[in-house]
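> What follows is a predicted protein model with its sequence.
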There are 2 protein chains.
Amino acid sequence: MASKPRATMREVAALAGVSLKTVSRVINDEPAVSVDVRGRVLKAAEQLDYRHNMAASNLRRKVGRTRVVGALLQDLGNSFSSSLLRALEDAAREHQTAILAASLDEEPDRELALVADLVSRRVDGLVIMPASDRQDYLDIERRAGLPTVFVDRRPRGIDADSVTVDNVAGAREATEHLIRQGHRRIAVLSDRSSIQTAALRLDGVLAALATAGLESRPDLVATELRSVEAAEEALLAMLSRPEPPTAVVALRNILSVGCMRALRRAGLTGKVAVVGFDDFPMADLMDLTVIRQNVSEIGATAARLLFDRLGGDQSAPQHIVVEHQLVQRGSGEIAPAY
Amino acid sequence: MASKPRATMREVAALAGVSLKTVSRVINDEPAVSVDVRGRVLKAAEQLDYRHNMAASNLRRKVGRTRVVGALLQDLGNSFSSSLLRALEDAAREHQTAILAASLDEEPDRELALVADLVSRRVDGLVIMPASDRQDYLDIERRAGLPTVFVDRRPRGIDADSVTVDNVAGAREATEHLIRQGHRRIAVLSDRSSIQTAALRLDGVLAALATAGLESRPDLVATELRSVEAAEEALLAMLSRPEPPTAVVALRNILSVGCMRALRRAGLTGKVAVVGFDDFPMADLMDLTVIRQNVSEIGATAARLLFDRLGGDQSAPQHIVVEHQLVQRGSGEIAPAY
DNA sequence: AGTCTGATTGACAACGTTGTCAAACCATAG
DNA sequence: CTATGGTTTGACAACGTTGTCAATCAGACT
């Protein structure tokens, strides 16, 4: 338990009877080392349990890459963020790069703090699903050579790469789909309106309603819903009012879950139509019709942009919009009950 | 785009007209600095966009902690791993520690490679859900002062802290629950048998069957199931045979999903009883009865052990077993149909 | 004025590694 | 035997920072 400090190249060199620099050469597989010296060094390193110190190495190297990128996502526990992280990881692995991951939980302060932390750790790049209003504070870091790719949300106050979906169009299509089934009283469940994606999706829903000549009914629009439970309660309240909705658009995966729970509690599963935004692992088992974002593709694309930048790509920032898709599974194809 | 290199303390010192060491003092909030010097330094640092370099700092410091821990989990995209990661993150944040996360995908080689990588990055500690048979290779690292906590699976060939559930008991209870409903032909869906948890859970099922005087029927035991699809196909095959199962124990979350899909395709949802091992976000909406592991508690406990060790705790390794729970939601309480 | 005290500041070495360059070595050719 | 040329090796500085310690300074006291 005494925890002896780790051996350094200096100690390996002493044991092998060579200079420190020769050890460095062996460890880094540089060519100009005779076979027996190489053998002696490796043996000494083995005996002392030598482990290369990447931090020291990076500090000294000319082009010191840490081979770490930061991933600042909304909530690593949510399937959207975790799927994204997984896609990033797979891409990063191909570049021998590790990922420092953290959750922002829609808190701008945490975003600032975590970016500062990652910068002081000198990560090679950043993938961020921002919680803040404006990201102009990142300009300094980008100019200092920190490539940054935005995912899920467009950057504001700064021109940087982004990978998003067309949230307005997706939400519009979800709504139009329900309108086509004959629905006129369509409820909307949305997240905090300060969140860019939430606002855009709500816009899309309202646009579709307006186009169809349906007045937007405040009593059927619930926003600022931050949890499964909040969505559940909000929808339950709507369902118990005089003119209940015959269909629901749930604008985020956890809101879809709350929605399904509410319908079940009200005994209305299969009676009230639902279209959700975001697909998730079990959605098919609940017959849930959704607007699916291809999360793997979003992640892979973001990683590609990032590593292209790290490879020296200096071209203008790109804003890639990944195709979404209406996946019909039944819940969205239910006709109005009354 | 020219990406000027970041300013160093030396440059800040030059601009502020003080020595490098004084800048260091200001940046680290050390006391013995006069107010006006402090002001000059901060202004210079601001002007040059100075960012502290943690790697260099750690290298020099006496007790150089990187304030990074590694989390080697099975699959960051799976809800079990991602929930665990989230719990670890929350605990780590309280210790101003970041997390390097990676997926092992049940590949022992990747485990070895990732551990080596994390060691060379000098992470302060390690949380690992191992993919390998034996982890004796970690002994060297532990002796060199790398605290290691195992989650979900017990260590083998090495004595280190662990946080697990009682897989045998959990699986036994799941099976007994079905037996109590009168089931005699109980199918089992299990993962690769080389995976410790899979093997233990299967043991638990077989023990329960044996105790109840039910012979284990090879035609109702499917192992080596690595995906939702594999589970789905395996169960579908069983259901189409002469003596189909009247109940199923699915020993992992994705296998539960495959199971539910198969039942739905066979038109047997609600007819065949199911108990799953592992809860997951939508399980309640599918009426799925499960053995729930308290994943947040597992993660929080693992983090507590780890940070206790980092705080100097030298006591004997602990093996904490977190309570599991049978959550009845309907699918497990269905009586045999024939 | 001279001395002391405590606060402030800076010079220098060191953390573990790699880049640079010159020295030492070896074998072969003349 | 010496000159030549290539291969192998090591001394030294440097990366950006902090620990150590000594130097300087201002003010207070004799």
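Nice, thanks for sending it over.

> Over to stretch A:54-67 now: how far is its first residue from its last?
Its start and end residues considered, stretch A:54-67 measures 10 Å (C-alpha to C-alpha, to the nearest Å).

> same question but for stretch A:188-196, I mixed them up
16 Å.

> what does the average pLDDT come to for that stretch?
Confidence over stretch A:188-196 (mean pLDDT, whole number) is 95.

> Buried residues in stretch A:240-255, which are they?
Neighbour-count burial for stretch A:240-255 flags A:244-255 (criterion: 16 or more other C-beta atoms under 10 Å in any protein chain shown). All C-beta atoms are positioned from the backbone trio N, CA, C, and that covers glycine.

> now swap in stretch A:40-54 and tell me
Within stretch A:40-54, the residues that count as buried by 16+ other C-beta under 10 Å are A:40-42, A:44-45, A:48, A:50-54.

> ditto for stretch A:324-338
The neighbour-count criterion (16+ other C-beta under 10 Å) identifies A:324, A:327, A:329, A:331-332, A:334, A:336 as the buried residues of stretch A:324-338.

> between those, which is closest to DNA strand C?
Minimum distance to DNA strand C across these is 45.7 Å, recorded for residue A:324 (C-beta to the nearest atom of the strand).

> Enumerate every residue touching that closest one.
When the contact criterion is C-beta atoms under 8 Å, 6 or more residues apart in numbering or on different chains, the partners of residue A:324 are A:165-166, A:169-170, A:291-294.

> could you redo the last one with a cut-off of 6 Å?
A:165, A:170, A:291, A:293 (C-beta atoms under 6 Å, 6 or more residues apart in numbering or on different chains).

> what's the answer for residue A:158, then?
With contacts defined as C-beta under 6 Å, 6+ apart, residue A:158 is in contact with A:135-136, A:138-139.

> which bits of chain A sit near chain B?
Taking C-beta under 6 Å from any C-beta of the partner chain, the part of chain A that reaches chain B is made up of A:1, A:3, A:6, A:49, A:51-52, A:54-56, A:59, A:76-77, A:82-83, A:85-86, A:98, A:100-101, A:119-121, A:140, A:144-145, A:260, A:282, A:285-286, A:314.

> Let's see which of the residues you listed end up in strands.
Using DSSP state E, A:98, A:100-101 are the members of those that sit in strands.

> Ranking by neighbours, what's the top pick from those residues?
Per-residue neighbour counts (other C-beta atoms under 10 Å in any protein chain shown) across these peak at residue A:101, which has 29 neighbours.

> List the contacts of the residue in the stretch 201-338 of chain A that DNA strand D sits nearest to.
Minimum separation of the stretch 201-338 of chain A from DNA strand D (C-beta to the nearest atom of the strand) falls at residue A:310, amounting to 18.6 Å. Residue A:310 makes contact with A:124-125, according to C-beta under 6 Å, 6+ apart.

> pLDDT score assigned to it?
At residue A:310, pLDDT is 95.

> Same question for residue A:4.
You'll see residue A:4 listed with a pLDDT of 79.

> Just the buried positions in stretch A:173-186, please.
Neighbour counts using 16+ other C-beta under 10 Å place A:173-179, A:181, A:183-186 of stretch A:173-186 among the buried residues.

> Determine how far that stretch lies from the middle of the whole chain.
The chain centroid and the centroid of stretch A:173-186 are separated by 29 Å, computed with C-alpha atoms, centre = their mean, to the nearest Å.

> got the CA coordinates for it in CSV?
Coordinates of each C-alpha in stretch A:173-186 appear next as CSV, following Å, rounded to 0.1, in the frame of the first residue of the first chain:
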residue,chain,number,x,y,z
GLU,A,173,-44.1,17.5,-40.2
ALA,A,174,-45.1,15.9,-37.0
THR,A,175,-48.0,18.3,-36.6
GLU,A,176,-49.1,18.1,-40.2
HIS,A,177,-49.1,14.4,-39.9
LEU,A,178,-51.7,14.7,-37.1
ILE,A,179,-53.7,17.3,-39.0
ARG,A,180,-53.9,14.9,-41.9
GLN,A,181,-55.5,12.3,-39.7
GLY,A,182,-58.2,14.9,-39.0
HIS,A,183,-57.1,16.2,-35.6
ARG,A,184,-58.1,19.7,-34.7
ARG,A,185,-57.3,19.9,-31.0
ILE,A,186,-53.6,19.1,-30.8
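
> Quick one: residues in contact with that stretch.
For stretch A:173-186, the external contacting residues (C-beta under 6 Å, 6+ apart) are A:205, A:208, A:212, A:245-247, A:249, A:273, A:275, A:291, A:326, A:332, A:335-336.

> quick one: contacts for the one residue in the stretch 101-250 of chain A that gets nearest to DNA strand C?
Using C-beta to the nearest atom of the strand, the closest approach of the stretch 101-250 of chain A to DNA strand C is made by residue A:122 at 13.7 Å. Under the criterion of C-beta under 6 Å, 6+ apart, the neighbours of residue A:122 are residue A:66.

> Then residue A:25?
Under the contact definition (C-beta under 6 Å, 6+ apart), the residues listed for residue A:25 are residue A:33.

> Help me confirm that it is found in a helix?
Yes. Assignment of residue A:25 by DSSP: H, G, I helix; E, B strand; the rest coil places it within a helix.

> any idea how far chain B is from it?
If you measure residue A:25 against chain B using C-beta to the nearest C-beta, to the nearest Å, the figure is 17 Å.

> And that residue, how far from DNA strand C?
Computed as C-beta to the nearest atom of the strand, to the nearest Å, the residue A:25 to DNA strand C distance reads 8 Å.

> go on, residue A:34?
In this structure, residue A:34 and DNA strand C are separated by 9 Å, where distance is defined by C-beta to the nearest atom of the strand.

> Give me the pLDDT value at that residue.
At residue A:34, the model reports a pLDDT of 90.

> Pull the number of nearby residues for it.
Using other C-beta under 10 Å, residue A:34 is surrounded by 9 other residues.

> check contacts around it.
For residue A:34, the set of contacting residues under the criterion of C-beta under 6 Å, 6+ apart is empty.

> tell me the contacts of the residue lying closest to residue A:134 once chain neighbours are set aside?
Closest residue in space to residue A:134, ignoring its immediate chain neighbours: residue A:157 at 3.7 Å, by C-beta to C-beta, 6 or more residues apart in numbering or on different chains. Taking C-beta under 6 Å, 6+ apart as the criterion, residue A:157 is in contact with A:134-136.

> so which of the residues you listed is the most crowded?
Each of the contacts of residue A:157 was scored by neighbours using other C-beta under 10 Å; the highest score is residue A:135's, at 25 neighbours.

> Wait, that one touches residue A:153, no?
No. In terms of C-beta atoms under 6 Å, residue A:135 does not count as a neighbour of residue A:153; the distance is 9.4 Å.

> now residue A:234, nearest residue through space, not along the chain?
Counting by C-beta to C-beta, 6+ apart, residue A:234 lies nearest to residue A:222, which is 3.9 Å off, once chain neighbours are set aside.

> swap in residue A:287?
Leaving aside its sequence neighbours, residue A:287 sits nearest to residue A:330 (C-beta to C-beta, 6+ apart; 3.6 Å).

> where does the stretch 1-150 of chain A dip in pLDDT?
A:1-2 (pLDDT under 70).

> now the helices for it?
Taking DSSP state H, counting those that start in this stretch as the criterion, the stretch 1-150 of chain A carries its helices at A:9-16, A:20-27, A:35-47, A:54-60, A:79-94, A:108-120, A:139-143.

> could the ones you listed be laid out in TSV, adding distance to residue B:30?
Rendered in TSV, the data for the helices of the stretch 1-150 of chain A read as follows (distance: least, C-beta to C-beta, whole Å):
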stretch	distance to residue B:30
helix A:9-16	30
helix A:20-27	32
helix A:35-47	38
helix A:54-60	23
helix A:79-94	37
helix A:108-120	18
helix A:139-143	26
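
> what's the most buried one of those helices?
Highest mean neighbour count among these (mean count of other C-beta atoms under 10 Å in any protein chain shown): helix A:79-94, with a mean of 22.

> mind checking how far that one is from the chain centre?
For helix A:79-94, the distance from its own C-alpha centre to the chain's C-alpha centre is 8 Å (C-alpha atoms, centre = their mean).

> what comes into contact with that helix?
For helix A:79-94, the surrounding residues in contact (C-beta under 6 Å, 6+ apart) are A:71, A:73-76, A:99, A:101, A:280, A:295-296, A:299-300, A:303, B:76-77, B:82.
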